[in-house]
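Chemist: predicted structure and sequence below. I'll ask about it afterward.
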Amino acid sequence: MKAIITVLGKDTVGIMYKVSKILTELEVNIEDVTQTILQDYFTMLMLVKIDESKSNISELKAALNEMAAEENLSINVQKEDIFVAMHRV
């Protein structure tokens, strides 16, 4: 299964590292990533593969939500099929 992760927040050093560290620990593969700084705000969109990881999507969400609360970020995780269906024109 694939998932879309979005990360938004005030730009600070290490956001990408902290998100990637959690994904590494859970053995979630990053298939694609894009990031940019919009004025003072960090934005990142990731496509990840969870099939062969140590966790399920609920555990992934919990780990990222914990980090988001500590870092004052907004992090969302959605299954790819739900994301595609929501954004279909």
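Modeler: That came in fine, so what should we check first?
Chemist: check the gap between Ser58 and Leu26 for me.
Modeler: Per C-beta to C-beta, to the nearest Å, Ser58 is found 12 Å from Leu26. Using the backbone N, CA and C atoms, a C-beta is placed for each residue, glycine as well.
Chemist: the more surrounded of the two?
Modeler: Between Ser58 and Leu26, Leu26 has the larger neighbour count (other C-beta atoms under 10 Å), namely 17 against 9.
Chemist: for the more buried one, give me its contacts.
Modeler: Contact partners of Leu26, counting by C-beta atoms under 8 Å, 6 or more residues apart in numbering, are Ser53, Lys54, Ser55, Glu59, Leu60, Ala63.
Chemist: what's the answer for Lys49, then?
Modeler: Contacts of Lys49 by C-beta under 8 Å, 6+ apart are Met1, Lys2, Val28, Asn29, Glu31.
Chemist: quickly note the distance from the residue nearest to it when sequence neighbours are not counted to Ile22.
Modeler: Leaving out its chain neighbours, the residue that sits closest to Lys49 by C-beta to C-beta, 6 or more residues apart in numbering is Asn29, at 4.4 Å. Remark: distance between Asn29 and Ile22 (C-beta to C-beta) = 13 Å.
Chemist: okay, these two: which has more neighbours?
Modeler: Per other C-beta under 10 Å, whichever of Asn29 and Ile22 has more neighbours is Ile22, with 18 against 14.
Chemist: leaving out chain neighbours, which residue sits closest to that one?
Modeler: Nearest non-adjacent residue to Ile22, counting by C-beta to C-beta, 6+ apart: Ala63, 5.0 Å away.
Chemist: with that, I have no additional questions.
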